[in-house]
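Novice: 3D, please:
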Amino acid sequence: MNQTVSRWGSKFTSLALVVFAGIFASKADGTRWRDSSFQEKIWNERGCKVDQRGKWFRDAKFGAFIHFGPYSQLGGYWKGKGPFRPAEQIIGLGERKAVISPDEYRTEVAGRFNPTNFNARAWVSAIKSAGQKYVIVTTKHHDGFCMFNTSTTSNNIVDATSFARDVIKELADECRAQGIEFCPYYSIGDWCAAEVQNPRFKNYPDYMFAQLEELLTHYGDIKLLWFDNYWYVDNQWTNDEAHAKELYAFVRSLSPNTLVNDRCGAGVNSTDGDYATPENQLKGSRQSRYFEVVMTDTEDDNWGWVKGATNYRDPASLIRNLIDCTSKGGNFVLNTGITATGEIPPEHLAILAKIGPWMATNGEAIYGTEPASECVPQLTSGFEYHATKSGTNIYLHVIRWPESSVPTSVTIKRTGFKGAELLDRSLSALDVSATEDDGAVTLSISKPDRIDPYATVIKLNFESEGSDLKRHADAGKNNESL
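Specialist: A predicted model of the protein is given here:
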């Protein structure tokens, strides 16, 4: 009997030690992000051009952005006046503050928010059919209203509206079911936090970190967190490097594989975060730092839905923007603002319906590719193309052909050319001849009788990947430019 007691006593002691150690480790993990040495270490590891953490992102190339919140039901208008721009900031700062007060916004707008036709499955299905591989969704915009179920404030869609559903949870679950990466958007700047945050929070940073912890731990595996900034009030935060390091370390301590964009700090003109996020602006040349161009689906700076808008971008320009970004070393993300009833606007669905078939046919020239630096810039009048590559294949995305029937010459610094074909087999046959000299191949390409109205993609196959170029690329992996 004494041996039995001793044995159980020993087990109890061991178990207690394990539990105690676990609690201690949890506490250590929960606070290590505050340690300056950890912040410095994790900050120096940032970037996503070559590491495994960023591979899914580099391969995805094409994403969706969704702006959805109480502002959606207004469509840019308030009490018969508008449209106020940008629509998602109608509560606003400065002059826009006079449009609608915070009290009115909470009672008259958020309090009446009831997007009855919201359907996560329909949203994600439309995104997937267009060939978009991930979706960024506003969990909290500058208005401070939380679109997720949170214990930090009652100013959220579950507690403050008759709709009372956690749309972020529904979207995250549906994205997971359909194989789309779910990526929360979070505005660091919050125009209403001081008036709505739970009194247990002594300051805004504690409030913000508590919300971020909920998003990173309650909604599945988060591979990307998209911050927005510059909208601080009452000195609630700042975007200097010290704060950027702190915020970045906090995210990576909770979710080590999560990518964080540049707006954890000073934004697109900095090297903060893992990658750059220019808005509505294409890059003029190949970039050393990975980037993601985010673009409105209308030809203005409205990210939220505008009632009656007619200036939607055409599918041809958007497909070419995607090609442009891919060929310069980045991703392209297309935004939509959700309607008052909780639906993707029909105009945006019409755009996706054009992009989807093109991506289904030509996706291998986009997904998982990188810029093809072997292609010599083309000076032929009337001929314009972008180039991507993957393995032994190079893809020419021809967006403009010369009017004459004279063949166009394209020089590529790679040998071992095997053949060429159009990815779209429904187009006319391709007429290509090749000559090799001095480590390069020169192709003579005739315009097909039938071409793609958006971009005609020519697949070029070679015997190898181009060993010299590949060695140079591999050598540079350890010296990645952020």
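
Novice: Now do the helices in this protein.
Specialist: 2-31, 36-44, 55-60, 102-104, 120-129, 167-178, 193-196, 204-218, 241-254, 315-327, 346-362, 467-475 (DSSP state H).

Novice: out of these, which comes closest to residue 449?
Specialist: With respect to residue 449, and counting by CB to CB, the nearest of the helices of the chain is helix 346-362 at 18.0 Å. Where you see a C-beta, it was placed from the backbone N, CA and C, and this is true even at glycine.

Novice: ok, now which ones touch residue 451?
Specialist: By CB atoms under 8 Å, 6 or more residues apart in numbering, the contact set of residue 451 is 398, 401, 427-428.

Novice: again, but for residue 64
Specialist: 127, 130, 132, 134-136, 333-336.

Novice: What's opposite it in the beta bridge?
Specialist: residue 135, residue 334 (DSSP bridges).

Novice: Adding mean neighbour count, write the helices of the chain out as CSV.
Specialist: Below are the helices of the chain laid out as CSV (neighbours: other CB atoms under 10 Å):
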stretch, mean neighbour count
helix 2-31, 10
helix 36-44, 14
helix 55-60, 18
helix 102-104, 14
helix 120-129, 19
helix 167-178, 19
helix 193-196, 17
helix 204-218, 19
helix 241-254, 21
helix 315-327, 21
helix 346-362, 17
helix 467-475, 11
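
Novice: looking at the ones you listed, which is closest to residue 446?
Specialist: helix 346-362 (20.1 Å).

Novice: What are the contacting residues of the closest one?
Specialist: With contacts defined as CB under 8 Å, 6+ apart, helix 346-362 is touched by 62, 126-127, 129-131, 297, 309, 312-313, 315, 318-319, 334, 336, 366, 397, 423-424, 452, 454-455, 457.

Novice: Quick one: the strands in the stretch 351-482 of the chain, in order.
Specialist: Using DSSP state E, counting those that start in this stretch, the strands of the stretch 351-482 of the chain run over 370-371, 384-390, 393-400, 408-412, 417-422, 431-437, 440-446, 456-462.

Novice: Can you add mean pLDDT and give those strands back as CSV?
Specialist: Putting the strands of the stretch 351-482 of the chain into CSV (pLDDT from 0 to 100) gives the following:
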stretch, mean pLDDT
strand 370-371, 96
strand 384-390, 97
strand 393-400, 97
strand 408-412, 94
strand 417-422, 97
strand 431-437, 95
strand 440-446, 95
strand 456-462, 98
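
Novice: Could you dump the ones you listed into a markdown table with mean neighbour count and distance to residue 247 added?
Specialist: Converted to a markdown table, those look like this (neighbours: other CB atoms under 10 Å; distance: least, CB to CB, whole Å):
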| stretch | mean neighbour count | distance to residue 247 |
| --- | --- | --- |
| strand 370-371 | 17 | 30 |
| strand 384-390 | 22 | 34 |
| strand 393-400 | 22 | 37 |
| strand 408-412 | 19 | 44 |
| strand 417-422 | 16 | 47 |
| strand 431-437 | 13 | 51 |
| strand 440-446 | 17 | 47 |
| strand 456-462 | 21 | 40 |
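
Novice: Tabulate those strands in CSV, adding columns for distance to residue 170.
Specialist: Below are the strands of the stretch 351-482 of the chain laid out as CSV (distance: least, CB to CB, whole Å):
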stretch, distance to residue 170
strand 370-371, 35
strand 384-390, 35
strand 393-400, 36
strand 408-412, 48
strand 417-422, 41
strand 431-437, 50
strand 440-446, 49
strand 456-462, 36
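
Novice: Least reliable of the helices of the chain by average pLDDT, please.
Specialist: When the helices of the chain are ranked by mean pLDDT, helix 2-31 comes last with a mean of 39.

Novice: ok so, going back, nearest approach to residue 76 belongs to which of the strands of the stretch 351-482 of the chain?
Specialist: In terms of CB to CB, the element of the strands of the stretch 351-482 of the chain nearest to residue 76 is strand 393-400, at 33.0 Å.

Novice: what helices or strands is that closest one leaning on?
Specialist: helix 315-327, strand 384-390, strand 456-462 (3 or more CB pairs under 8 Å, 6 or more residues apart in numbering; DSSP states H and E).

Novice: What residue spans form the domains of this structure?
Specialist: As assigned by automatic domain parsing, the chain contains the domains 2-32, 44-363, 372-479.

Novice: Reformat those domains as JSON lines; add distance to residue 38.
Specialist: Shown next, in JSON lines, are the domains of the chain (distance: least, CB to CB, whole Å):
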{"stretch": "domain 2-32", "distance to residue 38": "5"}
{"stretch": "domain 44-363", "distance to residue 38": "6"}
{"stretch": "domain 372-479", "distance to residue 38": "23"}
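
Novice: Need the helices and strands packed on strand 393-400 in TSV (columns: distance to residue 210).
Specialist: Shown next, in TSV, are the helices and strands packed on strand 393-400 (distance: least, CB to CB, whole Å):
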stretch	distance to residue 210
helix 315-327	35
strand 384-390	42
strand 456-462	48
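
Novice: Could you work out the end-to-end span of stretch 420-437 for me?
Specialist: With CA to CA, to the nearest Å applied, stretch 420-437 spans 18 Å between its terminal residues.

Novice: I meant to write stretch 360-372 there.
Specialist: Start-to-end, stretch 360-372 (CA to CA) is 22 Å.

Novice: so how far is it off the chain centroid?
Specialist: 17 Å (CA atoms, centre = their mean, to the nearest Å).

Novice: ok, back up a step: mind checking which of the helices and strands packed on strand 393-400 is nearest residue 301?
Specialist: Each of the helices and strands packed on strand 393-400 has some distance to residue 301 by CB to CB; the shortest is helix 315-327, at 16.1 Å.

Novice: Contact partners for the closest residue to residue 404 other than its chain neighbours?
Specialist: Distance criterion CB to CB, 6 or more residues apart in numbering; nearest residue to residue 404, sequence neighbours excluded, is residue 382 at 7.6 Å. By CB under 8 Å, 6+ apart, the contact list for residue 382 reads 400-404.

Novice: Highest neighbour count among the residues you listed?
Specialist: The residue in the contacts of residue 382 with the most neighbours, by other CB atoms under 10 Å, is residue 401 (18 neighbours).

Novice: Would you mind measuring from it to residue 354?
Specialist: For residue 401, the distance to residue 354 (CB to CB, to the nearest Å) stands at 20 Å.

Novice: cool, residue 169 as well?
Specialist: For residue 169, the distance to residue 354 - CB to CB - is 31 Å.

Novice: related to what we said a few turns ago, save the helices of the chain as a markdown table, and put in distance to residue 186 too.
Specialist: Output for the helices of the chain, formatted as a markdown table (distance: least, CB to CB, whole Å):
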| stretch | distance to residue 186 |
| --- | --- |
| helix 2-31 | 20 |
| helix 36-44 | 19 |
| helix 55-60 | 18 |
| helix 102-104 | 20 |
| helix 120-129 | 19 |
| helix 167-178 | 11 |
| helix 193-196 | 13 |
| helix 204-218 | 7 |
| helix 241-254 | 10 |
| helix 315-327 | 24 |
| helix 346-362 | 23 |
| helix 467-475 | 34 |
